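In: what would the 3D arrangement of this be:
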Amino acid sequence: MSTFDCLNINTLFRECDRHFKGIAFDGCFYYLTDPQAFTICKLDDKFEPLDCFCTDKPFAGITYDSIDRVFWAFAENQSDTVYKLDRDLEEISAVRLCGCSCGRITGISFDCRSDTLLVSSADAVYEIIKDGRCRRLLKEPEQCEGEFVSVASMPPYFAVIRRDRGVEKIIIYSGCLCVAQCITLPPELSVKDFFLNPCRSSRRLNSCDVESSGCEACETAEFILLASDGDCDSIIISLKAELCGIFLSDCVFKICGKKCKREEKEEKCSRCKCSLICSVALVEASLAHILNAEGEKLQKAVKIAGCVDELLEVNRSVADTINRVTLLENVLLAKLNAIVHAEFGECAEFDKTAANDIL
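Out: Numbering: from 1, shown residues only. This is a model prediction of the structure:
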């Protein structure tokens, strides 16, 4: 086991008015949970805020599943359930944990090598199959006073933040649960969540093939920490450390090949399409009210008309309205067909102003 002091610590983000608890990364964007506000906020690769999504549960921890392309989260003070969320952070399903008594969940992370979840509680780390079955990987000795703050997968290893008498450390465990390395964190930090950022980490193989010749692999690993200090409740810190003797699985780095600009444009395009379809639906609802009113007008005319000429006049008025509605329906149909069949290249350049102009 090697013990390191922190190497190259940089503050990337400060938000002192929010109480963020969890952080995740999908290869392009960062996601921060705020259980007090029932929101999950999305940041770009420069940690500039993009959007905040309202949730119906106070999600405290979150992780990105790079295989199913979904998120997994747990609610604040939750002990027996994790939630599957789609890319828009809407809940897909709830998975109850079977076969383990976690206590209050403190952290969650996705293991891309085994396609499972890692979940930490104050005194243990569990591996969770996606149907809810779980097994305990690591147990804090009863005589110890420390607790696990969070867990991060870095296959074939995993890491935990362990707090003991005010001292916090990143401890990296191998597959056989041996401590591979340990990094002591600055005493002024109180870490809430963390993960290994593969897209800002680098691998060196010392000019040889590690697996075939037994050479030592070195990773310049960057951990992203969501923490608080004495002045601010929510800060994001980059911590870089040299990890030699550790060889990470290739699946860790796969999310780094994503074309983030294209994904951002596709997401903007999708939002524009949704806005346009919503505008069609709103117009259709208005037309339904108009047609209903015309029907009521015709019924009233039948009751109070004094002669056939009055009925014919009302009938002409209703027919004229229906003809106008029919013309508008044709326009809406053409608009809907254009939206549905629009290719990415035709709509990716839309922005909110252009969408509003169309509406």
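
In: and residue 302, how far from residue 295?
Out: 11 Å (C-beta to C-beta, to the nearest Å). (Each C-beta comes from the backbone N, C-alpha and C, glycine too.)

In: next, count neighbours for the closest residue to residue 75 other than its chain neighbours.
Out: Nearest residue to residue 75, sequence neighbours excluded (C-beta to C-beta, 6 or more residues apart in numbering): residue 57, at 4.6 Å. Here the number of neighbours of residue 57 (other C-beta atoms under 10 Å) works out to 17.

In: ok, now residue 150?
Out: The number of residues near residue 150, taken as other C-beta under 10 Å, comes to 28.

In: I'd say it and residue 119 touch.
Out: No: Residue 150 is beyond contact range of residue 119, at 10.2 Å (criterion: C-beta atoms under 8 Å).

In: need the overlap of contacts for those two.
Out: residue 107 (C-beta atoms under 8 Å, 6 or more residues apart in numbering).

In: so how far is residue 331 from residue 241?
Out: Residue 241 sits 61 Å away from residue 331, going by C-beta to C-beta.

In: tell me which of these two has more neighbours.
Out: Neighbour count, other C-beta under 10 Å: between residue 241 and residue 331, residue 241 has more, with 21 against 11.

In: and residue 167, how many neighbours does it have?
Out: Neighbour count for residue 167, taken as other C-beta under 10 Å: 11.

In: touching, it and residue 189? I think so.
Out: No: taking contacts as C-beta under 8 Å, residue 167 lies outside contact range of residue 189: 10.7 Å.

In: surely residue 168 meets residue 150?
Out: No: Residue 168 lies out of contact with residue 150 (C-beta under 8 Å); the separation is 10.2 Å.

In: so in the protein, which helix runs the longest?
Out: Longest helix of the chain, by residue count under DSSP state H: helix 260-304.

In: give the buried residues for the helix or strand following that helix.
Out: Beyond helix 260-304 in the direction of the C-terminus, DSSP states H and E gives the next helix or strand as helix 308-340. Buried residues in helix 308-340, counted by 16 or more other C-beta atoms under 10 Å: 314, 318, 332, 335, 339.

In: how far off centre is helix 308-340?
Out: 45 Å (C-alpha atoms, centre = their mean, to the nearest Å).

In: cool, and stretch 24-36?
Out: For stretch 24-36, the distance to the chain centre is 5 Å (C-alpha atoms, centre = their mean).

In: what does stretch 289-298 give?
Out: 46 Å.

In: identify the residues contacting it?
Out: With C-beta under 8 Å, 6+ apart, stretch 289-298 has contacts from 314, 315, 317, 318, 321, 322, 325.

In: same list (those residues) but as CSV, adding distance to residue 201 and pLDDT.
Out: Below are these laid out as CSV (distance: C-beta to C-beta, whole Å; pLDDT from 0 to 100):
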residue, distance to residue 201, pLDDT
314, 76, 89
315, 76, 89
317, 72, 91
318, 70, 91
321, 66, 93
322, 66, 93
325, 60, 93
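
In: nearest to residue 87 among those?
Out: residue 325 (37.4 Å; C-beta to C-beta).

In: out of everything not next to it in sequence, what's closest to the closest one?
Out: Nearest to residue 325 is residue 287, by C-beta to C-beta, 6+ apart, at 5.4 Å.

In: for residue 255, same thing?
Out: residue 27 (3.3 Å).

In: is it fair to say the one you found lies in a strand?
Out: No: Residue 27 is assigned coil when assessed by DSSP: H, G, I helix; E, B strand; the rest coil, not a strand.

In: measure it to residue 179 for me?
Out: Residue 27 is 29 Å from residue 179, by C-beta to C-beta.

In: what's the burial count for residue 272?
Out: Residue 272 - counted by other C-beta under 10 Å - has 22 other residues nearby.

In: tell me how far it lies from residue 286.
Out: In terms of C-beta to C-beta, residue 272 sits 21 Å off from residue 286.

In: that older thread, list the contacts for the residue nearest to residue 75?
Out: With C-beta under 8 Å, 6+ apart, residue 57 has these contacts: 38, 75, 83, 91.

In: one more: residue 283?
Out: Neighbours of residue 283 in contact, by C-beta under 8 Å, 6+ apart: 328, 332.

In: begin at 529 from here
Out: Sure, I'll start counting at 529 from here, so that last one is residue 811.

In: distance of it relative to residue 592?
Out: 38 Å.
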